[in-house]
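*Asks:* let me see the structure of the following:
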Amino acid sequence: MNKQKKILIIYTGGTIGMQKTDHGLSPQKERFHRQLEEIPELYAGEMPLWDMVDMDPLLDSSNIAVREWNEIGQMIAQHYETYDGFIVLHGTDTMAYTASALSFMLENNAKPVILTGSQIPLCEIRNDARDNLITALLLAADDRIHEVCLYFGGKLLRGNRSSKFSADDLIAFDSPNYLPLAETGIEIRFREEGLFQPERGEFTLQLLKEIPIGVIKVFPGIQFELFDPIMTEKLKGVVIETFGAGNIPGNADQLLPIIEKAARNGTIIIVCSQCPHGRVSLGTYETSSQLRAAGAVSGYDITTEAAVAKLYYLFSAGLSREQIKKRMEMSIRGEMTI
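*Replies:* Next comes the predicted model:
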């Protein structure tokens, strides 16, 4: 690692930079910048050089969606040649969605892009913000990383394999179907065989369009007919979170005609599992075979966050329906295990 490397920090908002006000915690960029200036470790000789840019306005991550993903992607693209790595400071609630989206949008990316944040604001005496940011800076300057990652609570995760699993713990994220890329203790220990190799080709940014996409979570007693009215030609993609390895309740005779209707309308149906750990295997059981026959495709062990982001990306790339179905069952950024 070269201490003279330059890192760009993109501050989007979120808990890490919030300050106490009469109306509760809210982002205050000037005070946050001043607090960073008071952390001597950020300016130590072994640290990379860094600059910071702010999104305007700063946002709670629950308000970050396609438009903001494009804005973050454009910031990275505009400064791609100037900086050696990037950090995105982000609220935790939708951080895994943003990490997944950026992993697809940044085509032929060969530089570290590290998303991080905190569960406790930097303004609090006891917080996780300081360590997350310091370690993220070191990781963003590491020559071994060539992909979009999420660093939080001592673990470096592949961005499109991450999910938030705790609102209370300082270790808020997990990667249930892919081991961490690195873990921090006294030293930073990399699992180098799990890292992406640098992409070949010219870096480009694929902006996302606001495509109509839905998510349906299957539950016992679900009345599938309630979803029939939304299965129109306007709906481009649906992620169905099924039981186990791709199973649906016994009243599948209500669901299958709806899926067949959606398929005729050109809607892409992706089957994911509600189980954080494990994978969909369409055809293992009779009910999952029916989904495949009705036109659904398998998400294997992809997270819902990555499935949604991948649908946005593939539709925005202008691919045909058959091309999208094919690529949804392929790993294009390490987001699934085939």
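*Asks:* what's the weakest-modelled helix or strand in this protein?
*Replies:* helix 286-294 (a mean of 75; mean pLDDT, DSSP states H and E).
*Asks:* other SSEs contacting the very next helix or strand once past that helix?
*Replies:* Going down the chain from helix 286-294, the next helix or strand is strand 297-298, by DSSP states H and E. Secondary-structure packing of strand 297-298 (3 or more Cβ pairs under 8 Å, 6 or more residues apart in numbering; DSSP states H and E): strand 268-273. Heads up, the C-betas are built off the backbone N, CA and C, glycines and all.
*Asks:* partners of the strand it packs on, with directions?
*Replies:* Here strand 268-273 is paired, per DSSP bridges, with strand 237-242 (parallel), strand 297-298 (parallel).
*Asks:* and among those, the most buried is which?
*Replies:* Highest mean neighbour count among these (mean count of other Cβ atoms under 10 Å): strand 237-242, with a mean of 23.
*Asks:* send the alpha carbons of it over as CSV?
*Replies:* Provided in CSV are the C-alpha atoms of strand 237-242 (Å, rounded to 0.1, in the frame of the first residue of the first chain):
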residue,chain,number,x,y,z
GLY,A,237,-39.5,-7.6,-13.1
VAL,A,238,-40.6,-9.4,-10.0
VAL,A,239,-38.5,-11.0,-7.3
ILE,A,240,-40.4,-13.7,-5.4
GLU,A,241,-39.1,-14.7,-2.0
THR,A,242,-40.1,-18.3,-1.6
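*Asks:* which other helices and strands does the helix or strand following it contact?
*Replies:* Going down the chain from strand 237-242, the next helix or strand is helix 252-264, by DSSP H and E. Counting contacts by 3+ Cβ pairs under 8 Å, 6+ apart, helix 252-264 packs against strand 268-273, helix 286-294.
*Asks:* make it 10 Å
*Replies:* If contacts are counted by 3 or more Cβ pairs under 10 Å, 6 or more residues apart in numbering; DSSP states H and E, helix 252-264 sits against strand 213-217, strand 237-242, strand 268-273, helix 286-294.
*Asks:* for the stretch 1-150 of the chain, which segments are assigned as strands?
*Replies:* Using DSSP state E, counting those that start in this stretch, the strands assigned to the stretch 1-150 of the chain run over residues 6-13, 18-21, 24-27, 49-59, 85-89, 106-107, 113-116, 148-152.
*Asks:* show me what the last one is packed up against.
*Replies:* Okay, so that is strand 148-152. Partner elements for strand 148-152 (3+ Cβ pairs under 10 Å, 6+ apart): strand 85-89, helix 95-105, strand 113-116, helix 129-140, strand 155-158, strand 163-164, strand 173-174, strand 182-184.
*Asks:* sorry, back to before: mind telling me which of the strands of the stretch 1-150 of the chain the model trusts least?
*Replies:* In terms of average pLDDT, strand 24-27 trails the rest of these, at a mean of 79.
*Asks:* now that strand: how far from the chain's centre is it?
*Replies:* Chain-centre distance of strand 24-27: 24 Å, with Cα atoms, centre = their mean, to the nearest Å.
*Asks:* give me the contact list for that strand.
*Replies:* 11-20, 54-55, 57-60, 91, 121, 123-124 (Cβ atoms under 10 Å, 6 or more residues apart in numbering).
*Asks:* which among those count as buried?
*Replies:* The neighbour count (16 or more other Cβ atoms under 10 Å) marks 11-19, 54-55, 58-60, 91, 121, 123 as buried among the contacts of strand 24-27.
*Asks:* before we move on, back to that, output the helices and strands packed on helix 252-264 as JSON lines; include the columns distance to Ala306.
*Replies:* Below are these laid out as JSON lines (distance: least, Cβ to Cβ, whole Å):
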{"stretch": "strand 213-217", "distance to Ala306": "12"}
{"stretch": "strand 237-242", "distance to Ala306": "10"}
{"stretch": "strand 268-273", "distance to Ala306": "9"}
{"stretch": "helix 286-294", "distance to Ala306": "20"}
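*Asks:* highest average neighbour count across those?
*Replies:* Using mean count of other Cβ under 10 Å, strand 268-273 ranks as the most buried of the helices and strands packed on helix 252-264, with a mean of 25.
*Asks:* report the angle between the axes of that one and helix 252-264?
*Replies:* Relative orientation of strand 268-273 and helix 252-264, computed by axes from the mean of the first three to the mean of the last three Cα atoms, to 10 degrees: 140 degrees.
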